[in-house]
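Chemist: got a predicted structure here, sequence first:
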Amino acid sequence: MLAFFKTIREAIANWWSEFTLQTKLLAAATLVVSLIMSGLTFWAVNTIQQDARLNDTRFGRDLGLLLAGNIAPLIANQNLTEVAQFSQRFYSSTSSVRYMLYADETGKIFFGIPFWEPEVETSLTIERRIQLPDDYATDADKPMVRQHQSPDGVVTDVFVPLIADNKYLGVLAIGINPNQTAVISTNFTRDVTIAVFITIWVMVILAGVVNALTITKPIKELLAGVKQIAAGNFQQRIDLPLGGELGELILSFNDMAERLESYEEQNIEELTAEKAKLETLVSTIADGAVLIDNNMQVILVNPTARRIFGWGNSHVEGSSLLSHLPSAVQMEITRPLYEMAAGECESAEFRIPISEPTKRTIRILLTTVLNQQRENIKGIAITVQDITREVELNEAKSQFISNVSHELRTPLFNIKSFIETLHEYGEDLGVNQRREFLETVNHETDRLTRLVNDVLDLTKLESGRNYHFNGVDLAQAIDQTLRTYQLNARDKGIELIQEVAPNLPLVVGNYDLLLQVLANLVGNCLKFSLAGGKVAIRTYQLDSKPNHNQPGQVRVEVSDTGIGIPLEDQKAIFDRFFRVENRVHTLEGTGLGLSIVRNIIEEKHHSKVHLVSEVGVGTTFWFDLTVFNEDAIQVFVEGANVV
């Protein structure tokens, strides 16, 4: 039961909470008015009832005194018959008297209307006695009046002492019926009060319904429509068949919504076009670009930034930038970002090496984005530049300059030393000593010349100059190379071997560059081979893969039976100025020959140089060249301007 009442109370509370303040005030005012009206009505009814009871009291007292004055002498003379007749006539002549009772001084009823004692004793064989009030005084000469409630209404009881010749003979009890006119008036007033109370609430409810249907509902519809417009829903319309001022207001609202919708469509088209232009521009720039708001939330990011930071297809827009950055970058720029968002600085620049997702060096530029008035910070633009190649080139440049300086210093120092010796002590030296000094100077000059030529060749290759490519006869290039080194090989006791496959097709390439490659490789093989060794050049066509429309390949191999290259040096053998003799200091060289070979084969002929070597056994270099045809030559032509 308690749960039921609790549920009812909660339902009423929820129902009451849904009403607006205006409705609650209206209900409270109606309740107060109805209570006041009801109170006034009940006050009026109560006043009427009190007046009626007062009138009944007066009437009963006067009637009792009148009857007592007429009856007392008869009772004193024991003329009870006359008393009965008089009382009967009086009782029949009025409807105001409910009963009349006569009792002696002991309270025993000896006559009563509408009953009297002989009849009662005969029918009921009981003795009837009147119960006088406790405060009734037998010696009083004034009647006592009281009232009691009966099913028919309030009955006024009047007790009048019967006194004759100053002797108390008994008491006369008369019951006075309520005034029917007053009762009817009271009931009518009560009914009117109830009707007024109900009428007030019915009128209020009807007024509320009419108000809801005619005024409140359109206003609520307008309020909901305004909220929808404020939220950006310009398709909102109100369709209510109303006239008058409310109808004009609804028509004006719909017209405003149509215009706003039209403006929105135009603005959306313009904004979409501008956004597409901006996104296209940002996506095509070479540098990475990230735009964030003051809360470090990513607004825009271009593909370059995704590639640099390894975001791929991750959806970073709308999330915190700091949670997606590599740890090294996050540590560097977190504090400056918050300082810029707070307006403490406008820009910042960082150079940060990172190891994830790949090892590289990046430059990050931070710039605040201001509003049109340049007063408030709307966000931060982050530009990310991959400067790994730049750093590597700077390091290579520094290393190159350092290596060239080192390589130039040795022959120049030797040349200067021997020239100064000849200049100062030439007359004291013998002919053989002077010849030996001049041969050393000549040898160092040749070494200096080779170094300068190799540097110039490498610089020319890396300068971006384009070369003319055509069909090259490898047999002719190999034959020319071997003839060049024939005498050198004979002097060192090394056998040169040429193995060229018959019917070898032409390959795509530049004859001079390939000749330089073969010369460098054969020269290295002769340099690192001992007397009695062999240097061989082999070339043959590779078998084409079935079901593949790829051009054929021709492989070129240059091998020797020299000292070999240690495994730890094989990865660096193509680097500039790297020389195996740097470890043993037994042979001379510039350390640029294999760098030139790699540049010519990889950068110019789009192939790759491979090697296999074993210390004390020998070394073999090989690379593949594309068979010459119109399709193959087109690949080289499209990649460079022909000079």
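Modeler: It's in. Numbers count the residues shown, from 1 in each chain.
Chemist: scan this structure for its longest helix.
Modeler: Using DSSP state H, we find that the single longest helix of the chain is helix 21-76.
Chemist: how far is stretch 561-581 from where the chain is centred?
Modeler: Relative to its parent chain, stretch 561-581 has a centroid offset of 58 Å by Cα atoms, centre = their mean, to the nearest Å.
Chemist: same question for it, mean pLDDT?
Modeler: Mean pLDDT, stretch 561-581: 74.
Chemist: report the secondary structure state of the residue nearest the centre of the chain.
Modeler: Most central in the chain under Cα atoms, centre = their mean is Gly318, positioned 6.3 Å from the mean C-alpha point. Taking DSSP: H, G, I helix; E, B strand; the rest coil as the rule, one finds Gly318 in the coil state.
Chemist: ok, it - contacts?
Modeler: Residues near Gly318 by Cβ atoms under 8 Å, 6 or more residues apart in numbering: 297-298. (Each C-beta comes from the backbone N, C-alpha and C, glycine too.)
Chemist: can you report phi and psi for it?
Modeler: phi 90, psi -10 (degrees, to the nearest 10).
Chemist: look at it and report its pLDDT.
Modeler: For Gly318, the model assigns a pLDDT of 83.
Chemist: which helices and strands does the longest helix of the chain pack with?
Modeler: With contacts defined as 3 or more Cβ pairs under 8 Å, 6 or more residues apart in numbering; DSSP states H and E, the packing partners of helix 21-76 are helix 80-93, strand 97-104, strand 144-150, strand 153-164, strand 167-176, helix 180-211.
Chemist: now Thr481: closest residue in space that isn't a chain neighbour?
Modeler: Distances taken as Cβ to Cβ, 6 or more residues apart in numbering place Leu518 nearest to Thr481, at 4.2 Å, with adjacent residues excluded.
Chemist: element containing the one you found?
Modeler: Element membership for Leu518, per DSSP states H and E: helix 511-527.
Chemist: pLDDT on that helix, on average?
Modeler: 85.
Chemist: can I get the CA coordinates of the helix or strand following it in CSV?
Modeler: Using DSSP H and E, the next helix or strand after helix 511-527 towards the C-terminus is strand 534-541. Coordinates of each C-alpha in strand 534-541 appear next as CSV, following Å, rounded to 0.1, in the frame of the first residue of the first chain:
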residue,chain,number,x,y,z
LYS,A,534,93.3,-13.3,-63.5
VAL,A,535,90.8,-10.6,-64.3
ALA,A,536,87.8,-11.6,-66.4
ILE,A,537,85.0,-9.7,-68.1
ARG,A,538,81.9,-11.8,-68.9
THR,A,539,78.7,-10.7,-70.5
TYR,A,540,75.7,-12.7,-71.5
GLN,A,541,71.9,-12.3,-72.0
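Chemist: strand 534-541 pairs with which strands?
Modeler: Using DSSP bridges, the strands paired with strand 534-541 are strand 495-500 (parallel), strand 553-560 (antiparallel).
Chemist: residues near Ile75, how many?
Modeler: 21 (other Cβ atoms under 10 Å).
Chemist: OK, contacts around the residue lying closest to it once chain neighbours are set aside?
Modeler: Among residues not flanking Ile75 along the chain, Leu169 sits closest, at 5.2 Å (Cβ to Cβ, 6+ apart). For Leu169, the contacting residues are 72, 75-76, 104-105, 162-163, by Cβ under 8 Å, 6+ apart.
Chemist: now Ile109: which helix or strand?
Modeler: Secondary structure (DSSP H and E) places Ile109 in strand 109-113.
Chemist: return the list of helices and strands in contact with that strand.
Modeler: Partner elements for strand 109-113 (3+ Cβ pairs under 8 Å, 6+ apart): helix 80-93, strand 97-104, helix 117-124.
Chemist: figure out which of those is closest to Glu10.
Modeler: strand 97-104 (54.3 Å; Cβ to Cβ).
Chemist: now the angle from that closest one to helix 21-76?
Modeler: Orientation of strand 97-104 against helix 21-76 (axes from the mean of the first three to the mean of the last three Cα atoms, to 10 degrees) gives an angle of 40 degrees.
Chemist: so which elements touch strand 97-104?
Modeler: So strand 97-104, by 3+ Cβ pairs under 8 Å, 6+ apart, packs with helix 21-76, helix 80-93, strand 109-113, strand 167-176.
Chemist: for the helix holding Leu518, buried residues please.
Modeler: For helix 511-527, burial by neighbour count (16 or more other Cβ atoms under 10 Å) applies to 511, 513-527.
Chemist: now stretch 603-613
Modeler: Applying 16+ other Cβ under 10 Å to stretch 603-613 flags 604-605, 607, 609, 611, 613 as buried.
Chemist: reformat those as JSON lines; add pLDDT.
Modeler: Shown next, in JSON lines, are the buried residues of stretch 603-613 (pLDDT from 0 to 100):
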{"residue": "Lys604", "pLDDT": "78"}
{"residue": "His605", "pLDDT": "81"}
{"residue": "Ser607", "pLDDT": "88"}
{"residue": "Val609", "pLDDT": "90"}
{"residue": "Leu611", "pLDDT": "89"}
{"residue": "Ser613", "pLDDT": "88"}
